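*Asks:* Quick one: sequence and predicted model below, then my questions.
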Amino acid sequence: MLLYLEVENMRKASIRQNHRDFERNLDVLDQVAAKIVNGQIGANANEWNALAEGIALTLAGYWEEVVDEDFVDALNRDTSAYAGRVGLQLPKNLSRDICFGLLVGDGYLDFRDTGQIVGQAKRVLVRANNPFDHLTKTIRTSIDQFYAVRNYLAHRSRRAHRSYAEMLESGFGYQRVVKPGAFLRAKGESLNKPRLVFFLHRFREASVAIRKNAAF
């Protein structure tokens with residue numbers, strides 16, 4: 001296992017490859033979601049809800065993974081912005097393992113919304129290598145709405161419930177809180193498909209924008 005990790009972390013930094021991998025993962029989730037929508041999986045609404053919630057958590061994990069990899073790869077290419085922020089003299093290029101340690105050690109990879117992702121990227125990554133400058137306001141809004149769903153599914157805390165309820169009301173006009181699975185199962189206002197499919201589309205849009213504009 002240790003040998004595997006060493007080989008994995010010696011790979012060449014590539015934001016484009018990160019997102020090709022992410023989009024392949026999305027392909028699988030799209031296929032599963034399509035089977036649910038078409039009635040091939042899930043015998044009733046409760047089963048549909050459970051499946052949709054599982055896909056949402058899986059999607060969240062894939063997104064967190066690709067964001068982490070993007071930060072590490074961008075820092076690996078040029079540490080100057082990070083060094084200037086923390087007041088250290090660092091080599092321009094450090095190993096991916098060291099870059100990951102620098103970012104995690106300072107809590108730089110713990111994000112609650114896209115505002116934190118974009119803000120942190122501007123602080124610690126050089127502009128030419130920053131992959132998150134290309135996320136539009138529309139994409140960011142949808143991802144932030146998804147974060148509210150994901151956080152409530154993962155934690156079920158009062159705080160997560162409140163954020164989820166506020167998102168339902170302000171973003172979609174809900175007057176009462178519905179279960180996340182029911183929200184994901186409902187059809188969106190501008191898309192005649194369940195919101196689960198809508199969010200999968202939005203994450204693909206985000207990934208394609210990052211990949212097409214990536215410097216490497």
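*Replies:* Okay, I see it. Numbers count the residues shown, from 1 in each chain.

*Asks:* Could you list the low-pLDDT ranges of this protein?
*Replies:* Within the chain, the stretches with pLDDT under 70 are 1-10, 106-108, 189-191.

*Asks:* can you give me the helices in it?
*Replies:* Taking DSSP state H to define them, one finds helices in the chain at 2-9, 15-37, 45-77, 80-86, 96-105, 114-124, 137-155, 158-172, 180-185, 195-213.

*Asks:* quick one, what contacts the spatially most central residue of the chain?
*Replies:* The chain has W63 as the residue nearest its centroid, 2.9 Å off, counting by CA atoms, centre = their mean. Contact analysis of W63 by CB atoms under 8 Å, 6 or more residues apart in numbering lists F22, I143, F203. All C-beta atoms are positioned from the backbone trio N, CA, C, and that covers glycine.

*Asks:* returning to that earlier point: highest average neighbour count across the helices of the chain?
*Replies:* The highest mean neighbour count among those, using mean count of other CB atoms under 10 Å, belongs to helix 180-185: a mean of 22.

*Asks:* what's in contact with that helix?
*Replies:* Helix 180-185 has contacts (CB under 8 Å, 6+ apart) with 45, 48-53, 56, 149, 152-153, 164, 168, 172, 174, 194-196, 199.

*Asks:* swap the cut-off to 7 Å and go again
*Replies:* 48-50, 52-53, 56, 149, 152-153, 168, 194-196 (CB atoms under 7 Å, 6 or more residues apart in numbering).
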